[in-house]
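1. compute the structure for the input listed below.
(chains A and B)
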Amino acid sequence: MNLTLKVWRQKNDKAKGQFVTIQAKDIADDMSFLEMLDIVNDDLTRKGEDPIYFDHDCREGICGMCSLVINGRPHGPMEGTTTCQLHMRSFHDGQTIVIEPWRAAAFPVLKDLAVDRTAFDRIQQAGGYVNVNTGGVPDANVIPIPKRIADEAFESATCIGCGACVAACKNASAMLFVSAKVSQFALLPQGQTERYERAQAMVDQMDAEGFGYCTNTGACEAECPVGIKLTNIARLNREYLGAKIFRQEDVHN
Amino acid sequence: MSSKSKPLLTSSLGKKLIMSLTGLFLCSFLLVHLIGNLQLFKDDEGYAFNNYAYFMTHFTPIKVVSYLLYASIIIHAVYALILTLKNKAARPIGYDKGSGNVNSKWNSRNMGILGTIVLVFLATHMQNFWFQYKFGTTPYVEYHTELATGNREIIASDNIPSNYDGYKTYVNNGVETIQTKDLYKQVAYTFQNPLIVLFYVIAMAALAFHLIHGFQSAFQTLGFNHRRYIGFIKGLGIWVFGVLVPLAFAAMPLYFYFKSL
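-> Numbers count the residues shown, from 1 in each chain, chains lettered A, B, ... in the order given. Purely as a prediction, here's the structure:
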């Protein structure tokens, strides 16, 4: 099939970007969306032009590196998939596809379709870890955890940190990401020691990065490629407000 | 992890907490206001409603709560503005192509517009009734009720007599006399204007969509979201605050308009 791509091109983080129309010819419908861009880039390179710069890594939906807002939807029109898992059979011959980077003040565009997502790394560094020596492999079932709780923590831990929640949110809020990262520890015994400090530290960092406020529209949940639920955001609200109102204590006072 | 963190009210979640609490307080006010105003439908020439209006404006605990209410409205609106400006700044360059209603509901994305309609309505509503009742001109009415038989004689006029010096109620020879400003008649007169009626109905539609999202959103912000009760909260938000309350309020101007024809 032949497609018309309307792609955001931007030389670097300082330059002013613009949409450029590029033709994609002879695209097979079993190609992934990223393979389609590879073909287009081959073509551009042969013509001596600058290829389209986009993020990608594992290409099997687990690393969270690929991004792209495709026709207004983060990771494209399919539900529960990343862009690398999106295939060209979801489009039809002659279609115009608009491809944009994640749009958020906290995710500045580096080049073309790639954005700087280190804001997520800094939030993670502010509290998304457990501060204990883990030692050797413990015996199974030494720490009893009900299956339901373990499952729920696992669901939260599936967040791949791709940033689709921020891209989908009308306020560019990072609440779904932060809530998943806080939840996975808040649910498990190993996370209890720093439970309330963690929620406060990660929310502070989230605010400092310039993400917007959550208005509970649910767009993040609808666009999340791994199905992180809004109940995580409610849990983060409980963790944070509970810490602030009832439990906040400073070590040295 | 640092043990020092920012104060609650400077954080994003703290500001959201304020939106949530003021919003829920305003929801509870709506219920009280609605139940009281149902007396407008009583066919007693405003006897019950006018006494209720006097009670609501002169009973001290209710006066205290009413100041809390005015403060809540202002805080809710001001914080909405602060949050919206911050949210706009969080995405300086928008998308060329929006996702429309695919991943979120229209009303959840336009709470600001709906809220603004409700705020304009509130200003109009206060001017129509609260201001007129307190400082403006209203009609006047006297109820003479024979306590033994319940027979009532009504002396009404469109202007307040010059010797009127405030609400008065006394019993003399088994006849209860009440002299009061006639807010009921003021309501009836105001809703003879079809434009005002139309505006009230539109504002109630905006309120309905605002609350269908807002009520459950307030609980989500407080952290109440569990499969055991979330269905109840959402149902309450949609059917009571999104349907029943706005419909009952909208029925009041329509009732008086069609009664006047």
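2. mind checking what secondary structure the residue lying closest to A:G191 once chain neighbours are set aside has?
-> Leaving out its chain neighbours, the residue that sits closest to A:G191 by Cβ to Cβ, 6 or more residues apart in numbering or on different chains is A:F185, at 2.9 Å. (Glycine included, C-beta is placed from N, CA and C.) Following DSSP: H, G, I helix; E, B strand; the rest coil, the label given to A:F185 is helix.
3. am I right that A:F185 is in contact with A:A199?
-> No. Applying Cβ atoms under 8 Å as the test, A:F185 and A:A199 come out as separate, 9.4 Å apart.
4. so between these two, which is more surrounded?
-> A:A199 (30 against 25; other Cβ atoms under 10 Å in any protein chain shown).
5. helix or strand for the more buried one, just tell me which one.
-> helix A:195-208 (DSSP states H and E).
6. can you give me the mean pLDDT across stretch A:105-119?
-> The pLDDT scores in stretch A:105-119 average 97.
7. same deal with stretch B:225-235?
-> 94.
8. just the terminal-to-terminal distance for it.
-> 13 Å (Cα to Cα, to the nearest Å).
9. distance from the chain centre to that stretch, please.
-> Between the centre of stretch B:225-235 and the centre of its chain there are 25 Å (Cα atoms, centre = their mean, to the nearest Å).
10. and it with chain A, contact?
-> Yes. Using Cβ under 8 Å from any Cβ of the partner chain, stretch B:225-235 comes into contact with chain A via B:225-226.
11. so where's the chain uncertain?
-> Because you didn't say which chain, this covers chain A. Along chain A, the model assigns pLDDT under 70 to residues A:249-253.
12. hmm, no, I was thinking of chain B.
-> Ranges of chain B meeting pLDDT under 70: B:1-3.
13. and the strands in it, which stretches?
-> B:140-146, B:152-157, B:168-172, B:175-181 (DSSP state E).
14. looking at those, spot the one closest to chain A.
-> Closest to chain A of the strands of chain B is strand B:175-181 (Cβ to the nearest Cβ; 42.4 Å).
15. mind listing what's buried in the closest one?
-> B:178-181 (16 or more other Cβ atoms under 10 Å in any protein chain shown).
16. break chain A down into its domains, please.
-> A:3-110, A:118-247 (automatic domain parsing).
17. hey, which of those is tucked in deepest?
-> domain A:118-247 (a mean of 20; mean count of other Cβ atoms under 10 Å in any protein chain shown).
18. quote the end-to-end distance of that domain.
-> Domain A:118-247 end-to-end distance (Cα to Cα) = 30 Å.
19. before we move on, the earlier item: for the helix holding A:A199, name the packing helices and strands.
-> helix A:118-127, helix A:175-186, helix A:231-242, helix B:12-37 (3 or more Cβ pairs under 8 Å, 6 or more residues apart in numbering or on different chains; DSSP states H and E).
20. across the sheet, point out what pairs with A:L5.
-> Beta-bridge pairing of A:L5 under DSSP bridges involves A:I22, A:I97.
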